[in-house]
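K.L.:
Everything below, folded, please.
(chains A, B and C)
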Amino acid sequence: MYALVRQIPAGRLATYGQVAELLGCWGRARQVGWALRRLRGPTDVPWQRVVNAAGRISFSPSREGSDWIQRQLLLEEGIEVSEDGRLPLRRYLWTPVPDAFLEL
DNA sequence: AACCTGACGACCA
DNA sequence: GTGGTCGCCAGGT
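P.N.:
Numbering: from 1, shown residues only, chains lettered A, B, ... in the order given. Next up, the predicted model:
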């Protein structure tokens, strides 16, 4: 799962459900959230690029601030995130293997 | 074992 | 748009 998330380029977004589905686990978005939650401190996994399907950052007190850090990191990647975590998901949604088109 | 709690999401009112 | 229900499943009590 982390390997997949690492493939999301800076400035692009993916949803929890999308990640789950790409791993062949349709309907298991919660487990993706669970896995990302385990990341603590410095990591090479760009966890901030995974948001919920509603196009919002999933805020939760249990995240102890990582939600706001997520907002900040996304802003730094050039994504416009509103004060309450809304973001233009349509415009930045990532899809794997579009490189195949470059071969044509 | 029986709840409860989530970085979730599809569906419907 | 928003809000509620239900399905999902790992972990904790």
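K.L.:
Just give me the longest helix of chain A.
P.N.:
Taking DSSP state H as the assignment, the helix of chain A that covers the most residues is helix A:66-76.
K.L.:
got the contact list for that helix?
P.N.:
Applying C-beta atoms under 8 Å, 6 or more residues apart in numbering, the external contacts of helix A:66-76 come out as A:13, A:47, A:48, A:49, A:57, A:58, A:59, A:60, A:81, A:85, A:87. Glycine gets a C-beta too; all of them are placed from N, C-alpha and C.
K.L.:
Check what pLDDT residue A:102 gets.
P.N.:
With respect to pLDDT, residue A:102 has a value of 55.
K.L.:
what do you get for residue A:95?
P.N.:
On the pLDDT scale, residue A:95 is placed at 94.
K.L.:
Distance-wise, check it relative to DNA strand C.
P.N.:
From residue A:95 across to DNA strand C, the span is 22 Å (C-beta to the nearest atom of the strand, to the nearest Å).
K.L.:
One more: residue A:82?
P.N.:
11 Å.
K.L.:
what's the neighbour count on that residue?
P.N.:
Number of residues near residue A:82 (other C-beta atoms under 10 Å) recorded here: 11.
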